[in-house]
Each structure stands twice: as structure tokens, then as C-alpha cells.
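>>> Dropping the sequence and predicted coords here.
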Amino acid sequence: MSLKGHIMGYSDTQAKKQSPFRGGLAGVFWIIVLLQNPSSLQFEVTNLPIYQSGKGYKAISKVLGLPRTTVRAIIYKWRKHGTVENLPRSGRPTKVTPSVQRQLIQEVTKDPTTTSKELQASLASVKVSVHDSTIRKRQGKNGLHGRVPRRKPLLSKKNIKAHLSFARKHLDDPQDFWENTLWTDKTKILLFGRSVSHYVWRKSNTAFQKKNIIKYGGGSVMVWGCFAASGPGRLAVINGTVNSAVYQKILKENVRPSVCDLKLKVYPALMPSDA
């Protein structure tokens with residue numbers, strides 16, 4: 001026997017014959033009333049289709065003995081979802097509230113190299129406990145992904161200005177000029193030590209923004225080298241501190257031989273790395 005038949009005192013078949021409705025909002029209110037007040041056995045089923053008769057929330061709440069807000073919520077839910085049963089939920093409420101999410105974005109925007117563990121510790125300081133994997137997933141939804149940063153030499157404003165000036169000056173130079181230009185640079189090479197993987201939080205197409213680039217350095221050996229369109233030139237190991245005298249000596253010993261080796265037609269146009 002169903003709940004309706006048990007409460008009203010007749011079988012399921014009799015309940016279907018006696019009930020003046022076959023579902024809809026009337027049935028909804030009938031079920032709600034019995035569940036909220038099952039001891040009210042005197043309640044008449046015939047009084048329940050009152051919503052279908054056009055009565056307002058106040059009249060319905062008075063008849064059913066329910067708060068007006070409850071009646072309104074039931075009707076709204078039925079109109080929107082076609083049911084008053086509990087709807088599927090997304091699960092446990094997220095700990096990453098909008099304010100926490102803004103904090104995460106602000107921290108990685110300020111310092112893209114901040115790790116998820118450091119973000120986790122930062123949230124723990126304000127009594128927000130989340131797993132570091134949750135932080136990574138949330139950052140991914142915000143369009144921020146952990147990426148290996150591009151490695152580029154550190155360029156000062158002076159370097160950038162000089163490079164840009166050089167490019168503009170030679171913008172319209174013929175192909176022959178570039179084929180006979182010797183490019184020189186010096187760099188440090190890491191021979192020993194632990195290689196550490198670095199990551200930065202960044203969005204797509206921001207790989208070469210200055211804050212997302214790791215500047216190379218900390219190498220144990222410094223070398224000078226050169227190249228042209230036809231191939232690489234000579235390589236020189238630099239011992240000790242590089243000053244003007246040392247650098248001029250390197251150029252004197254390696255530039256002219258490289259020009260000859262590469263068969264350049266004219267004397268090279270030099271642009272040292274510290275220009």
C-alpha cells in the first residue's frame with residue numbers, strides 16, 4: 001500500500017479512484033502536506049487542487065497551514081523544473097570562493113613563479129585549507145596554466161633601446177649586407193650543479209612577456225662566440241673578469257680569423273651583446 005493509501009485508509013486502487021487529481025501542483029501540495037504534517041489525517045484530499053482554482057499564495061498557505069514563502073517556493077520550483085523533488089547537486093560547496101579566487105589570481109599576476117604549494121600556504125594563513133591540486137585546477141579554469149618559462153638573456157632598457165635603434169637603422173639594407181654581417185655575443189654555460197625545473201603561471205600567448213621569462217645566469221664558464229649567415233665562427237673561453245682590455249683582445253684574436261673562415265666579403269658590422 002502506498003503512503004497516500006496508508007494515511008487515508010484505503011488501498012492504492014481506491015486511492016486512485018478517490019483522488020480528484022492525477023498529479024500536477026495539487027498532487028505536489030498533497031505530498032508536501034503529508035510529509036510535513038503526517039499526523040493531520042483529517043486533511044481532505046478534495047481541498048488540495050486549490051492552486052488550480054486560481055487562489056493566491058496567502059489563501060493557499062492558510063488552507064494548507066504552510067508559510068507563504070514555502071508555498072511560493074513550491075510553486076516556483078514546480079513551474080521551473082516540473083518537480084518538487086531534490087534536484088541533483090554539484091557536490092560539496094567549493095572552498096575556493098570568489099574572494100579566494102581573486103587572491104590566487106592577484107598573487108600569480110604579481111609573481112608568476114609562485115608555486116601551488118606557496119599559494120596553498122598563503123591561503124592557510126587566512127584559514128582556508130585546500131589541496132594544492134585544487135589550486136592548480138582552479139587556476140586552469142581561470143586560464144592560468146603552469147608552463148616552463150622561456151629562457152632569454154637579461155636585457156636592460158639600454159640594451160633594448162640599442163637593439164631597436166640598430167634594427168631601424170638597417171631596416172632597408174639589402175640581402176648582401178646581412179649575408180656579410182658577423183654577429184658576436186658572450187654567455188655563461190652551466191657545467192655543474194643541480195638543474196632545477198621552473199614553472200610560471202601564465203595565459204596563452206604571453207610566453208614572451210618579461211615577467212614570464214627566466215633570465216639565464218649563474219654559469220661556471222663564460223665563452224665568446226660569433227656567427228654569420230654562412231655558419232658559426234670561432235669560439236673563445238673567457239677566464240676571469242671581462243673588462244675593456246680583455247674584450248678588445250678577444251675581438252682582435254677571433255674576429256678577423258672568423259671573417260676569413262666564413263669568407264665574408266667585407267669587414268663585419270659588429271653589434272656586441274653589451275651594446
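Received the coordinates, thanks. Since the model is a prediction, treat every value here as computed from it, not as a measurement.

>>> Residue 112 belongs to a strand, doesn't it?
No - using DSSP: H, G, I helix; E, B strand; the rest coil, the assignment for residue 112 is coil, not a strand.

>>> Surely it is in contact with residue 200?
Yes - assessed by CB atoms under 8 Å, residue 112 is found in contact with residue 200 at 3.9 Å. Yep, even glycine has a C-beta here, placed from its N, CA and C like the rest.

>>> Could I get the pLDDT score of the closest residue in space to residue 128 that isn't next to it in sequence?
Closest residue to residue 128 apart from its sequence neighbours, by CB to CB, 6 or more residues apart in numbering: residue 100 at 5.7 Å. On the pLDDT scale, residue 100 is placed at 89.

>>> mind checking the SS state of residue 100?
Secondary structure state of residue 100, per three-state DSSP, is helix.

>>> That one - how many residues pack around it?
The number of residues packed near residue 100 is 17, by other CB atoms under 10 Å.

>>> Cross-check the contact I'm expecting between it and residue 120.
No - using CB under 8 Å, residue 100 is not in contact with residue 120, being 11.5 Å away.

>>> Find residues that contact each of these two.
Common neighbours of residue 100 and residue 120 (criterion: CB atoms under 8 Å, 6 or more residues apart in numbering): residue 130.

>>> who's more crowded, residue 112 and residue 200?
Between residue 112 and residue 200, residue 200 has the larger neighbour count (other CB under 10 Å), namely 23 against 20.

>>> How about the contacts made by the more buried one?
Taking CB under 8 Å, 6+ apart, we find residue 200 in contact with 112, 113, 146, 147, 149, 211, 212, 214.

>>> Top of those by number of neighbours, please.
The contacts of residue 200, ranked by neighbours (other CB under 10 Å): first place residue 112, 20 neighbours.

>>> Tell me how far that one lies from residue 146.
Using CB to CB, to the nearest Å, we find residue 112 at a distance of 10 Å from residue 146.

>>> Next: residue 89.
Distance from residue 89 to residue 146, by CB to CB: 31 Å.

>>> next one: phi and psi at residue 127?
Phi and psi for residue 127, reported as degrees, to the nearest 10, are phi 60, psi 40.

>>> Could you report the separation of it from residue 121?
The gap separating residue 127 from residue 121 is 12 Å, by CB to CB.

>>> Likewise for residue 208?
Counting by CB to CB, the gap from residue 208 to residue 121 is 30 Å.

>>> which one is residue 176 nearest to, not counting chain neighbours?
Nearest residue to residue 176, sequence neighbours excluded (CB to CB, 6+ apart): residue 265, at 7.7 Å.

>>> Going by the annotation, which residue ranges form each domain of this structure?
3-81, 98-143, 151-262 (automatic domain parsing).

>>> shared neighbours of residue 112 and residue 200, which are they?
Contacts common to residue 112 and residue 200, judged by CB under 8 Å, 6+ apart, are 149, 211, 212.

>>> how much space between residue 221 and residue 189?
Distance from residue 221 to residue 189, by CB to CB: 5 Å.

>>> From the contact counts, what lies against the lengthiest helix in the chain?
Longest helix in the chain by number of residues, with DSSP state H as the criterion: helix 244-262. The contact analysis (3 or more CB pairs under 8 Å, 6 or more residues apart in numbering; DSSP states H and E) places helix 244-262 against strand 221-228, strand 231-238.

>>> Make a markdown table from those strands and add mean neighbour count, mean pLDDT and distance to residue 166 to it.
Putting the helices and strands packed on helix 244-262 into a markdown table (neighbours: other CB atoms under 10 Å; pLDDT from 0 to 100; distance: least, CB to CB, whole Å) gives the following:
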| stretch | mean neighbour count | mean pLDDT | distance to residue 166 |
| --- | --- | --- | --- |
| strand 221-228 | 18 | 91 | 16 |
| strand 231-238 | 14 | 93 | 19 |
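
>>> Rebuild the ones you listed as JSON lines, extending it with distance to residue 78.
Formatted as JSON lines, those follow (distance: least, CB to CB, whole Å):
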{"stretch": "strand 221-228", "distance to residue 78": "77"}
{"stretch": "strand 231-238", "distance to residue 78": "78"}
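
>>> Buried residues, stretch 201-215. List them.
For stretch 201-215, burial by neighbour count (16 or more other CB atoms under 10 Å) applies to 201, 202, 212, 213.

>>> for the shared contacts of residue 112 and residue 200, which one is nearest residue 80?
For those, the closest approach to residue 80 (CB to CB) belongs to residue 212, at 45.5 Å.
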